[in-house]
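**Q** Sequence first, then the predicted structure, then my questions.
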Amino acid sequence: MPETIVALPNAEWPYLQILVRLALSLALGLLIGMERERRGKEAGLRTFGFICLLGAMGGSLGTAYSLVILCLVGVLAVLLNLQTLRAGHGTELTTSAAMLVTCMAGVLCGQGHTISPAAVMVIATALLAWKERLAGFSMGLTEGEIRSALLLAILAIVIYPALPIGAVGPWGLIEPRAAWITVILIAGIGFVNYTLWKLYGTRGTELSGFLGGLVNSNFTVIELSSRVQKAGAAFIETAFRGILLATTAMLVRNAGLLMILAPLALVGSLMAFGLMLLTSSVFVLLSYRRLRPPSDEESAVKLELDLPFSLPQALKYGVVFLLLHVLGGVTQREFGDVGFYFVSVVGGLMSSASAVAAAATLASQGSLSPTAAGTGAVLASFTSIVFSLSFVLKTRNRQLISRLATAMVCVTIAGLIGVAAWGAVRPWVSGWLPQVEHLGR
């Protein structure tokens, strides 16, 4: 009796679709393999290409095959480490981890994902390629800076979710979550800018002034002014540009806070901030035309900023924000926009960032018009500029004082022109504002 032949079930893969998935996985494997090959590792270009292709085939076949292939790659990583240990070269933990990440990215490619595996592989390759830079940065961190990062993470991840939602108190003036998210935002911006300053701040006084201004403009002005007292006339031109760039950075930061917290308020103050930034940039460019080779004293300038984030700073931001938020809301109810403008001017003396954040939060909650919030942010920036200029007066250097006073007055006038110009064109664009507000939500 002839035996019956039973055909096994099979599935036809769409040729073009599977070809695109395999090609993407191969390209991603070769990308990270190229970096490993350049460093002379045992697993290089071809190995990583094969691993990513294998992962893509497993992802195309199904979950069970993906798990089997991932286990096989794990065995391959173990064998690689055994080989390097026998050769006396130590373990290859980083390469082993990269192999597993590459396999998972290949699985994602096999399942039809494109952007996700590509992003993962680009990030993984960057981590491998920037080994020296990342190691140097981590070794240069102090214990205080690490504590600052942990504290910021605790405030954002642990404390924020535990805060009550909505307004609290008898008058409903305080929203704990809104206040806390603003504190985290301001501190986060300062932390990122401190990191940039840490990486690049020693390459020039102007760059240090700008990055330092993003962290704390007043402290930067104090530091540069003290350098003028020590170095004398040789440092005037550099200090002039550094202080102007610190002021420019403060304006950029305040406008950025408006954009994040209340985009519609930025629309009303965009002309003012734009003209102030343009005026400040013009003075900086004119100063560069008088540029001469820096002296040894100028080249050695290094700003020493405080820690990027600490508990006293968090409490300061929170208290100032809540105070300005409550006073701004109360004075706006009792005295209208004029009362709120007075609070913004006073708040700029304590912290222009907190004053701008309070104005933006009131606007986002509907307690204040976007135009009034934007104008309040501009006024707080004016106060910060004047307050910074008071530190320059302590240098008693007439040349620096007169030049900076002229520049600051021009920047302030430019801001006032921007506010007036917005008041003139506002009726023409008032019909578009509801549409902008709808898009921002």
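**A** Structure received.
**Q** only C-alpha atoms for contact and neighbour calcs from this point on.
**A** OK.
**Q** pLDDT value on Val120, please?
**A** On pLDDT, Val120 comes in at 91.
**Q** and it, how many neighbours does it have?
**A** For Val120, the neighbour count with other CA atoms under 10 Å is 16.
**Q** Name the nearest residue to it, ignoring sequence neighbours.
**A** Nearest non-adjacent residue to Val120, counting by CA to CA, 6 or more residues apart in numbering: Ala105, 7.1 Å away.
**Q** before we move on, what about Gly49?
**A** Gly29 (4.2 Å).
**Q** Distance check, the one you found against Ala360.
**A** 46 Å (CA to CA, to the nearest Å).
**Q** Against which helices or strands is the longest helix seen in the chain packed?
**A** Determined from DSSP state H, the single longest helix within the chain is helix 398-429. Packing partners of helix 398-429 (3 or more CA pairs under 8 Å, 6 or more residues apart in numbering; DSSP states H and E): helix 236-261, helix 263-289, helix 370-393.
**Q** one step back: looking at Gly29 and Ala360, which is more packed in?
**A** Ala360 (32 against 27).
**Q** Where does the more buried one sit, in terms of helix or strand?
**A** helix 352-364 (DSSP states H and E).
**Q** That helix versus helix 370-393: what angle between them?
**A** 170 degrees (axes from the mean of the first three to the mean of the last three CA atoms, to 10 degrees).
**Q** Just the C-alpha atoms of helix 352-364, please, in PDB.
**A** What follows is helix 352-364, C-alpha atoms only, in PDB (Å, rounded to 0.1, in the frame of the first residue of the first chain):
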ATOM      1  CA  SER A 352      12.500  86.700  36.800                       C
ATOM      2  CA  ALA A 353      12.100  83.000  35.900                       C
ATOM      3  CA  SER A 354       9.600  82.500  38.800                       C
ATOM      4  CA  ALA A 355       7.800  85.700  37.900                       C
ATOM      5  CA  VAL A 356       7.400  84.700  34.200                       C
ATOM      6  CA  ALA A 357       6.300  81.200  35.200                       C
ATOM      7  CA  ALA A 358       3.700  82.600  37.600                       C
ATOM      8  CA  ALA A 359       2.300  84.900  34.800                       C
ATOM      9  CA  ALA A 360       2.200  82.000  32.300                       C
ATOM     10  CA  THR A 361       0.400  79.700  34.800                       C
ATOM     11  CA  LEU A 362      -2.200  82.400  35.600                       C
ATOM     12  CA  ALA A 363      -2.800  82.800  31.800                       C
ATOM     13  CA  SER A 364      -3.000  79.000  31.200                       C
END
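**Q** so for it, what's the average pLDDT?
**A** 78.
**Q** Just want the angle from that helix to helix 236-261.
**A** 20 degrees.
**Q** still on that earlier bit, residues of the longest helix of the chain that come out buried?
**A** Neighbour counts over helix 398-429 (16 or more other CA atoms under 10 Å) mark 400-401, 404-405, 407-408, 410-419, 422 as buried.
**Q** Then stretch 358-368?
**A** Ala358, Ala359, Ala360, Thr361, Leu362, Ala363, Ser364, Ser367, Leu368.
**Q** by contact count, what packs against the strand or helix carrying Val345?
**A** Applying DSSP H and E as the criterion places Val345 in helix 337-350. Secondary-structure packing of helix 337-350 (3+ CA pairs under 8 Å, 6+ apart): helix 311-335, helix 352-364, helix 370-393.
**Q** Let's have the buried residues of stretch 358-368 in CSV, adding distance to Arg289.
**A** Output for the buried residues of stretch 358-368, formatted as CSV (distance: CA to CA, whole Å):
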residue, distance to Arg289
Ala358, 39
Ala359, 38
Ala360, 38
Thr361, 42
Leu362, 43
Ala363, 42
Ser364, 43
Ser367, 47
Leu368, 44
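**Q** Tell me how far Ala118 lies from Leu362.
**A** Ala118 is 41 Å from Leu362, by CA to CA.
**Q** got it, and Cys109?
**A** In terms of CA to CA, Cys109 sits 46 Å off from Leu362.
**Q** cool, Thr279 as well?
**A** 29 Å.
**Q** Any stretches of the stretch 201-350 of the chain with poor pLDDT?
**A** Along the stretch 201-350 of the chain, the model assigns pLDDT under 70 to residues 201-209, 211-213, 215-216, 218-219, 223, 227-235, 290-326, 328-337.
**Q** thinking again about what came up before, buried residues in the helix holding Val345, which are they?
**A** 337, 339-350.
**Q** from the residues you listed, which single one is nearest Leu93?
**A** Minimum distance to Leu93 across the buried residues of helix 337-350 is 49.9 Å, recorded for Met350 (CA to CA).
**Q** Let me see the mean pLDDT of stretch 125-141.
**A** Rounded mean pLDDT across stretch 125-141 is 77.
**Q** Go through that stretch and flag the buried ones.
**A** So stretch 125-141, judged by 16+ other CA under 10 Å, has buried residues Thr125, Leu128, Ala129.
**Q** quick one, what contacts the second one?
**A** Right, the one you point to is Leu128. Glu35 (CA atoms under 8 Å, 6 or more residues apart in numbering).
**Q** let's see it at 10 Å
**A** Neighbouring residues of Leu128 by CA atoms under 10 Å, 6 or more residues apart in numbering: Ile32, Glu35, Arg36, Arg39, Thr94, Thr95, Ala98, Val122, Leu134.
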